[in-house]
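1. I need the structure of the sequence given here:
(chains A and B)
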Amino acid sequence: MNRLLKTREIWLALAILAVIVLVTLRFPRFSQPSNLLTIFNDTSILMMLALGQMAVILTRSIDLSMASNLALTGMIVAMTNAAFPMIPIPLLIAGCIVVGAVLGGFNGILVWKLDIPPIVVTLGTLTIFRGLVFVISGGAWVNAAQMSTEFIQLQRGSFLGLPILSWFAIVVAGLVYVLMTRTPLGRAFYAIGVNPTASVYTGIDVGRTKFLAFVLSGAISGLCGYLWISRYVIASVEVAGGYELTIVAACVIGGVSIAGGIGTVAGALLGALFLGVVNNALPVIGVSPFWQMAISGAAILLAVVLNARGERSRGRVILKKAEGAA
Amino acid sequence: MSRPDANSPSLQGGGRHGADGSVSGRNKAMTDIPANGRRLPDRLDNPLKSAVLSWESLLVLVALGIFVANSFASPYFLNAWSLSDLTFNFTEKALIALAMALVIITGEIDLSVASIIALASTLMGLALQYGADTPTLVAVGVGVGILCGAFNGFLVTGLKLPSIVVTIGTMSLFRGIAFIILGDQSFKGYPRDFAWFGQGYVWWVISFEMVLFAVFAVIFYVLLHHTVFGRRVYAIGNNATAAQFSGVRVDRIKFVLFCLTGLMSGIAAVLLTARLGSTRPSIAQGFELEVITMVVLGGVSILGGAGSIVGVVLAALIIGLVTFGLGLLNVPGIVMSIFTGTLLIVVIALPILYRMWKERRT
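-> Model prediction:
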């Protein structure tokens, strides 16, 4: 069974490789290490967001407010930086994570204490958070001239040949990996996704676990708020508009089951990378960027068809085992 | 790495048809956990009391409250033409919400409706370039809608995929095709008699869109509340497996409902295109979430199995009233969305808080 699960990620990795090879056949420069690193760097933010979303989806919830959370935290940090350029950037980043976590916690509280379906809660906060961006900014933009140099340059610096932004993604991925595979909380995410009723009887507080998943996705959204703003050097109401579904798409392509309980860190990362590679390849092979949306739609459908096949065959195996045991 | 998902054959089997579509569908199981010996009431509420305490009457109160507040807030509000303009705010979305309500009651969801509008509108524009006349344009719009809906329906019922993922995919796919066709261009120059669908008035201040919405509201009301089909929709939402065993063709009904949602999206595409007089690939962006907000605000359970058309119509009216009233007060659209978002959460949370408060007292 372990092998079967591994193959899903391997197939996705092969698909990504195939795209790279196909493009390289015509444009050799595409697979140069420097270009591949650029793609990785470009996809870093999506990878981190996908990991946060995965934690939420594992618990049979969904967080549609991540992009709005990102926009709101981003606007807050940009305005703070514009008003008080002397505040050190690490402090700002920590602030972002806290603000994001609080916004995520707001979702989580509504899901935990009031038992409102997550899709309804985050549908509401999706519009509320984005509306708040307008309220605090008055509809104005914060542009490069208003941001401090450090604010913009931090993620562009390089360490061991990799841009700092990529390091953020690597560190977050590492932390989430440890959380998912080495801690009781990570275990609980999977457990309540697989069988919430059984989880209650094993002593897991389902509501609290969901709350923590939302705090995690919120904290990551907050961090990405800073990274997004400093990368594209503009903070406006439209930042990351509609991005929430791209994040879900990355998870789905990565084999995270929307029904909860199934998904791996590697899968979510590869799902995001797949979208990143395709988006980077299109302009190279001369396809209009207007094809991007349709292609990612087709990729989602293909991925979900393939994943469903995998899940179904595994279901059959389990039933046989159960019969054998009985 | 050992995986914790091995021990749930029953879930996989039961959930396959069931509330699979909504992400939180399985939450229903949660309410089955210990009822803490809650006492059964001695008698049932009488019909009058339950009517007064119903979701719909709460919505009526909210609607009236907003109506009165609007009349005080702006001198321009209480005027036949203003009130007529108000309906343009929501009729297109509300038309889709009628069909979406049925889809959500069966425990599925369709996030692709706005993208269906974009694709239908784009193909209408394309047909226009080839000299299509008004009836052909309408046929293209409605036809594309039905085809897109059927595609969703096939993926959900034929291939047994969760509808939330399928429609996130087709949401990208449909609008993506519109982007491929149009790029950064737009289609303009729709014929004058075509524009009537979105801008015309049947009588005095009664617009064509308003009449169409009223007609469809009645049709869907009858369909859901007074036909066998409607009963089956509820049955599927409450327990798809049981419905299947009692002879309800679950998949076929779900397929029909996705086609219906596609049809309504196609009609909305005709109305919206006619009203705006042009097509861009970004047309109707974000409509899907507003439509779902209407449905949920209307008291349809996102977990499936409960809801009424009256509620959805009232919710559409409320959202129309709020956005129009705030518009008269020069509140920007983005700030209005804070109100609709808050309204959604508060209206859902209030009855829950009330119930918790009541339980704590007893």
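
2. what's the distance between A:Val194 and chain B?
-> Applying CB to the nearest CB, to the nearest Å, one obtains 5 Å for the distance of A:Val194 from chain B. Placement of C-beta: from N, CA and C, glycine included.

3. And for A:Glu150?
-> Note on A:Glu150: its distance to chain B, by CB to the nearest CB, is 31 Å.

4. Just give the nearest non-adjacent residue to that residue, would you?
-> Using CB to CB, 6 or more residues apart in numbering or on different chains and skipping residues adjacent in sequence, the residue nearest A:Glu150 is A:Ile89, 5.3 Å away.

5. hang on, that neighbour packs against A:Thr149?
-> No - with contacts defined as CB atoms under 8 Å, A:Ile89 does not count as touching A:Thr149, sitting 10.3 Å away.

6. tell me the mean pLDDT for the helix or strand hosting A:Gly297?
-> Mapping A:Gly297 onto the secondary structure by DSSP states H and E places it in helix A:292-325. The average pLDDT within helix A:292-325 is 65.

7. Longest helix of chain B, counting residues only.
-> Within chain B, and with DSSP state H defining each element, the longest helix by residue count is helix B:333-361.

8. Just the buried residues of that one, please?
-> Residues B:334, B:336-341, B:343-345, B:347-349 are the ones in helix B:333-361 that count as buried (16 or more other CB atoms under 10 Å in any protein chain shown).

9. where in chain A is pLDDT low?
-> Within chain A, the ranges that satisfy pLDDT under 70 run A:1-7, A:309-326.

10. Restricting to C-alpha, output stretch A:85-103 in PDB.
-> As requested, C-alpha coordinates have been extracted for stretch A:85-103 and formatted as PDB (Å, rounded to 0.1, in the frame of the first residue of the first chain):
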ATOM      1  CA  PRO A  85      10.200  52.100   7.500                       C
ATOM      2  CA  MET A  86      12.400  51.700  10.500                       C
ATOM      3  CA  ILE A  87      10.600  48.500  11.800                       C
ATOM      4  CA  PRO A  88      13.000  45.700  11.100                       C
ATOM      5  CA  ILE A  89      11.800  43.300   8.400                       C
ATOM      6  CA  PRO A  90      12.000  40.100  10.500                       C
ATOM      7  CA  LEU A  91       9.700  41.700  13.000                       C
ATOM      8  CA  LEU A  92       7.300  42.600  10.100                       C
ATOM      9  CA  ILE A  93       7.400  39.000   8.900                       C
ATOM     10  CA  ALA A  94       6.600  37.700  12.400                       C
ATOM     11  CA  GLY A  95       3.700  40.200  12.500                       C
ATOM     12  CA  CYS A  96       2.400  38.900   9.200                       C
ATOM     13  CA  ILE A  97       2.400  35.400  10.500                       C
ATOM     14  CA  VAL A  98       0.500  36.400  13.600                       C
ATOM     15  CA  VAL A  99      -2.000  38.500  11.700                       C
ATOM     16  CA  GLY A 100      -2.600  35.700   9.200                       C
ATOM     17  CA  ALA A 101      -2.900  33.200  12.000                       C
ATOM     18  CA  VAL A 102      -5.500  35.400  13.800                       C
ATOM     19  CA  LEU A 103      -7.500  35.700  10.500                       C
END
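
11. for chain B, what are the nearby residues on the stretch 101-250 of chain A?
-> Proximity of the stretch 101-250 of chain A to chain B is confined to A:110, A:114-121, A:123-128, A:130-135, A:139, A:181, A:187, A:190-191, A:193-198, A:200, A:206, A:237, A:242, A:245, A:248-249 under the rule CB under 8 Å from any CB of the partner chain.

12. so who does A:Leu132 touch?
-> Residues near A:Leu132 by CB atoms under 8 Å, 6 or more residues apart in numbering or on different chains: A:Leu72, B:Ile338.

13. in the helix or strand that contains it, what's buried?
-> For A:Leu132, the host element (DSSP H and E) is helix A:118-137. Neighbour-count burial for helix A:118-137, counted by 16+ other CB under 10 Å, picks out A:118-134, A:137.

14. Return the angle between stretch directions for that helix and helix B:333-361.
-> In this structure, helix A:118-137 runs at an angle of 130 degrees to helix B:333-361, with axes from the mean of the first three to the mean of the last three CA atoms, to 10 degrees as the basis.

15. Just give me how far the helix or strand following helix A:118-137 sits from the chain centre.
-> The C-terminal neighbour of helix A:118-137 among helices and strands, as given by DSSP H and E, is strand A:142-143. With CA atoms, centre = their mean, to the nearest Å as the basis, strand A:142-143 stands 25 Å off its chain's centre.

16. Any chance you could list what contacts strand A:142-143?
-> Against strand A:142-143 from outside (CB under 8 Å, 6+ apart): A:Met75, A:Ala78, A:Met79, A:Asn81, A:Ala82, A:Ile229, A:Val233, A:Ile234, A:Ala235, A:Ser236.

17. how does it look with 6 Å?
-> Residues lying outside strand A:142-143 but in contact with it, judged by CB atoms under 6 Å, 6 or more residues apart in numbering or on different chains, are A:Ala78, A:Met79, A:Ala82, A:Ile234, A:Ala235.

18. I'd like to know which of the residues you listed are part of strands.
-> When strands are assigned by DSSP state E, the members of those inside them are A:Ile234, A:Ala235.

19. can the contacts of strand A:142-143 go into CSV with extra columns for neighbour count and distance to B:Pro75?
-> Putting those into CSV (neighbours: other CB atoms under 10 Å in any protein chain shown; distance: CB to CB, whole Å) gives the following:
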residue, neighbour count, distance to B:Pro75
A:Ala78, 27, 39
A:Met79, 16, 36
A:Ala82, 16, 40
A:Ile234, 16, 40
A:Ala235, 27, 38
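
20. what packs against the one helix or strand A:Ala55 maps to?
-> A:Ala55 is part of helix A:33-58, with elements assigned from DSSP H and E. Under the contact criterion of 3 or more CB pairs under 6 Å, 6 or more residues apart in numbering or on different chains; DSSP states H and E, the helices and strands touching helix A:33-58 comprise helix A:164-182, helix A:184-194, helix A:206-232, helix A:243-253, helix A:265-284.

21. Would you mark the buried spots in that helix?
-> Applying 16+ other CB under 10 Å to helix A:33-58 flags A:35, A:39-58 as buried.

22. again, but for stretch A:94-111
-> Along stretch A:94-111, these residues count as buried under the neighbour rule (16+ other CB under 10 Å): A:95-97, A:99-101, A:103-108, A:110-111.

23. try stretch A:239-250
-> Judged by neighbour count (16+ other CB under 10 Å), stretch A:239-250 contains these buried residues: A:Val239, A:Ala240, A:Tyr243, A:Glu244, A:Leu245, A:Thr246, A:Ile247, A:Val248, A:Ala249, A:Ala250.
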